[in-house]
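# how does the following fold in three dimensions:
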Amino acid sequence: MEKALKHKFVVGETVYFTASNVARPAASGTYEVIRLLPTDGDDCQYRIKSSVEAFERVAKESQLDVG
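Presented below is the predicted three-dimensional model:
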C-alpha cells in the first residue's frame, strides 16, 4: 500500500519561495500558503501568493522554506 504524503505547511502559513531557474522570475520575500494541492509524484504542492504580485503561484514543497 502506498504511503500518502503529508503537507508540511498549512493554509495561512508564511513561507519563503525559491524559484527554479527555468521558471519565470518570482518576487522575493515571503508568500502566504493559499491552498493545499494534490501531490506531484513525490512532492506536495501548494498555491501561494505574494503581497507584491497580482497572481497566485503553484509551488512544490521542495521550493518552500519556513517563513
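# chain center to stretch 55-64, what's the gap?
Put simply, stretch 55-64 sits 3 Å off its chain's centre (C-alpha atoms, centre = their mean, to the nearest Å).
# buried set for that stretch?
Residues of stretch 55-64 classed as buried by neighbour count (16 or more other C-beta atoms under 10 Å): 57, 59-61, 63-64. Using the backbone N, CA and C atoms, a C-beta is placed for each residue, glycine as well.
# farthest-apart pair in these, please.
Across those, the longest distance by C-beta to C-beta is 13.4 Å; it joins R57 and E61.
# find the nearest non-adjacent residue to F17, please.
Sequence neighbours aside, Y31 is the residue nearest to F17 in space, at 4.9 Å (criterion: C-beta to C-beta, 6 or more residues apart in numbering).
# was I right to think that neighbour contacts S50?
Yes - the pair Y31 / S50 is scored as a contact, 5.0 Å apart, by C-beta atoms under 8 Å.
# quick one on the thing from earlier: secondary structure element for the residue nearest to F17, which one?
According to DSSP states H and E, Y31 maps onto strand 30-40.
# list the strands paired with that strand, with their directions.
Strand 30-40 has these partner strands in its sheet, going by DSSP bridges: strand 14-17 (antiparallel), strand 43-49 (antiparallel).
# alpha carbons of the first one, as PDB, please.
Only the C-alpha atoms of strand 14-17 are listed here, as PDB (Å, rounded to 0.1, in the frame of the first residue of the first chain):
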ATOM      1  CA  THR A  14       4.000  32.300   5.700                       C
ATOM      2  CA  VAL A  15       6.800  30.700   3.600                       C
ATOM      3  CA  TYR A  16       9.900  31.600   1.600                       C
ATOM      4  CA  PHE A  17       9.700  30.600  -2.100                       C
END
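# where's that strand relative to the chain centroid, distance-wise?
Per C-alpha atoms, centre = their mean, the centroid offset for strand 14-17 relative to its chain is 7 Å.
# what's the average pLDDT for that strand?
For strand 14-17, mean pLDDT is 95.
# contact partners of it?
If you take C-beta atoms under 8 Å, 6 or more residues apart in numbering as the criterion, strand 14-17 is touched by 9, 26, 29-33, 46, 48, 50, 57, 59, 63-67.
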